[in-house]
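> need a 3D model of the sequence below.
(chains A and B)
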There are 2 protein chains.
Amino acid sequence: MLSEQAMIEALGRIAVGIGDDAALLEGGLVAAADMLVEGTHFDRRRLDARGIGARAAAANLSDMAAMGADPICLLASLGLPEGYGEVAELAAGLSAHGVPLVGGDLVRSPALVVSVAVLGRAERPALRSGGRPGDRLVVTGELGGQAASGYTAPVRPRLAEGRALAAVATAMIDISDGIARDAERLAAASGCRSVVELGRLPVASGATLEQAAAGGEDFELLAALPEGAGAPVPVTEVGRLSEGQGVLLLDPAGSPVELQGWDQFA
Amino acid sequence: MLSEQAMIEALGRIAVGIGDDAALLEGGLVAAADMLVEGTHFDRRRLDARGIGARAAAANLSDMAAMGADPICLLASLGLPEGYGEVAELAAGLSAHGVPLVGGDLVRSPALVVSVAVLGRAERPALRSGGRPGDRLVVTGELGGQAASGYTAPVRPRLAEGRALAAVATAMIDISDGIARDAERLAAASGCRSVVELGRLPVASGATLEQAAAGGEDFELLAALPEGAGAPVPVTEVGRLSEGQGVLLLDPAGSPVELQGWDQFA
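Below you'll find the model as predicted:
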């Protein structure tokens, strides 16, 4: 079985833009897509239709936030099991973040599928790839809250924070698969190593340190700030970029530790 | 069970743009999305991965053609069954029409799902809603070939024809669910009746008249041309718009007939 990374690379061989949070197009346009599938990403017994729609939209809007982009609109294609009757509630959730839903498709599917694409515009897009050794790593908000809630807590995409951070960050990514994994992605794109001090993570109330480090779908932002640059919004400093590669996780005593990020294909 | 139309209306209540082939955005941007699901839209035993990808892209590009738009890029989210190993072939098919695939998502799914969104630009977008009584109805290419092939024949989206027709057409739609159904949609959007003479349909080789009238996925274009306007590309005149509503199908003797369009939710 291919890992998610290997699949992204298989797609990426013929694609431009895959590998960052969103594709950067002409004229400052940015576009991204995310798909949620019942059984893989949500359980209809635990999350209602409005919550599923809101979550699907949030995942996409978080990609815009990570680029420092302003979303323009969403498109949503819905795969619906026979007898499914909550399209209006799903659509209400998709629109819950105030970004207009302008089109889509409705088809029959064995499981509920919510596939969303987002279009936005960025004056100064932040990529994953601009980080340099010495940059400070900072995160917005708190981590692990989604894992602690069983992935049912409301998600608020960090759009305003993303725009503000994009003005100063050398690199940025949204934390969708746990900071351990996403710090590694930012490092790989930037040709650096991410050093993350677990003792400094802003652990959400009720979450464990492991959930804060490796739980998915928090949709907070991880940004690299150059030496001397202040953060324009409240953030927590959690580490730095250094020479090297990969991610180095340090426990509160400063010793390296191993943690697995969340990979749905693993 | 809701009909597809009722579902589109449920979505449309809170959406701008749903109901035309693509949503018209600021600055002449147009965007659309289509989703293909294994078992509903294709059978992996009859269509290979490259063919599935090409078909999914074509469905989206046909929406651009129907607006007279130039596609800029595609985004593709893929739902992959466990053990699926043909992502590169799918991606090659998605790129087969020459429009760059710039991003997307890869997730685990019980059935293969190929969800595509397209972004384009139209200088003079053609909508479904501009038709007037007296306009001639014309179609590109031939109809029924997809139904006759079991939906495995290659699809070529009519992009150049769409751009050319958009310069003169009062209304346009792509024929995805059979001309009987799509002529009714164009009529509804334009506040007219579509009168289609079945004896004039350009029936594809090997197809029946019923397949030409009600078979899906031909992805040809149906345009309304004002009195006196010549068609800039080869087309077949198949009827006209009149006062009234709905679609009136006439048999070769000029008598009204009933035909059911293809509705996957019926």
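> after the strand or helix carrying residue A:52 comes which helix or strand?
Using DSSP states H and E, residue A:52 falls within helix A:49-67. Next along the chain after helix A:49-67, taking DSSP H and E as the criterion, comes strand A:70-80.
> does the very next helix or strand once past that next one come close to chain B?
Moving toward the C-terminus from strand A:70-80, the next helix or strand (DSSP H and E) is helix A:87-94. Yes. Contact of helix A:87-94 with chain B (Cβ under 8 Å from any Cβ of the partner chain) involves A:87, A:88, A:91, A:92. C-beta here means a position set from N, CA and C on the backbone, and glycine is covered the same way.
> residue A:75 contacts residue B:30, correct?
No. With contact defined as Cβ atoms under 8 Å, residue A:75 does not count as touching residue B:30 (11.0 Å).
> of these two, which one has the most company?
Neighbours were tallied for residue A:75 and for residue B:30 using other Cβ atoms under 10 Å in any protein chain shown; the higher tally belongs to residue A:75 (33 against 28).
> which residue is the nearest non-sequential neighbour of the more buried one?
Once flanking residues are discounted, residue A:75 sits nearest to residue B:33: 4.1 Å by Cβ to Cβ, 6 or more residues apart in numbering or on different chains.
> can you tell me the SS state at residue A:173?
The three-state assignment at residue A:173 reads strand, by DSSP: H, G, I helix; E, B strand; the rest coil.
> list the contacts of the closest residue to residue A:81 other than its chain neighbours.
Closest residue to residue A:81 in three dimensions, ignoring its sequence neighbours and counting by Cβ to Cβ, 6+ apart: residue A:112, at 5.9 Å. Listed by Cβ atoms under 8 Å, 6 or more residues apart in numbering or on different chains, the contact set of residue A:112 reads A:37, A:38, A:44, A:52, A:78, A:79, A:80, A:81, A:84.
> residues near residue A:104, how many?
Neighbour tally, residue A:104, other Cβ under 10 Å: 30.
> same for the helix holding residue A:52, what does it pack against?
When contacts are defined as 3 or more Cβ pairs under 8 Å, 6 or more residues apart in numbering or on different chains; DSSP states H and E, helix A:49-67 packs onto strand A:29-37, strand A:70-80, helix A:87-94, strand A:113-121, helix A:159-166, strand A:171-175.
> returning to that earlier point: tell me the pLDDT of the residue nearest to residue A:81.
With respect to pLDDT, residue A:112 scores 97.
> same question, residue A:89
Reported pLDDT for residue A:89: 93.
> what sits against the closest residue to it other than its chain neighbours?
Leaving aside its sequence neighbours, residue A:89 sits nearest to residue A:49 (Cβ to Cβ, 6+ apart; 3.7 Å). Applying Cβ under 8 Å, 6+ apart to residue A:49 gives the contacts A:86, A:89, A:90, A:93.
> look up phi and psi at the first one.
Phi and psi for residue A:86, reported as degrees, to the nearest 10, are phi -120, psi 40.
> how about the residues of the stretch 101-250 of chain A by chain B?
Checking the stretch 101-250 of chain A against chain B by Cβ under 8 Å from any Cβ, the hits are A:101-111, A:113, A:115, A:117, A:119.
> so who does residue A:28 touch?
Contacts here follow Cβ under 8 Å, 6+ apart; on that basis residue A:28 touches A:121, A:122, A:123, A:125.
> out of those residues, who's nearest residue B:170?
residue A:121 (31.9 Å; Cβ to Cβ).
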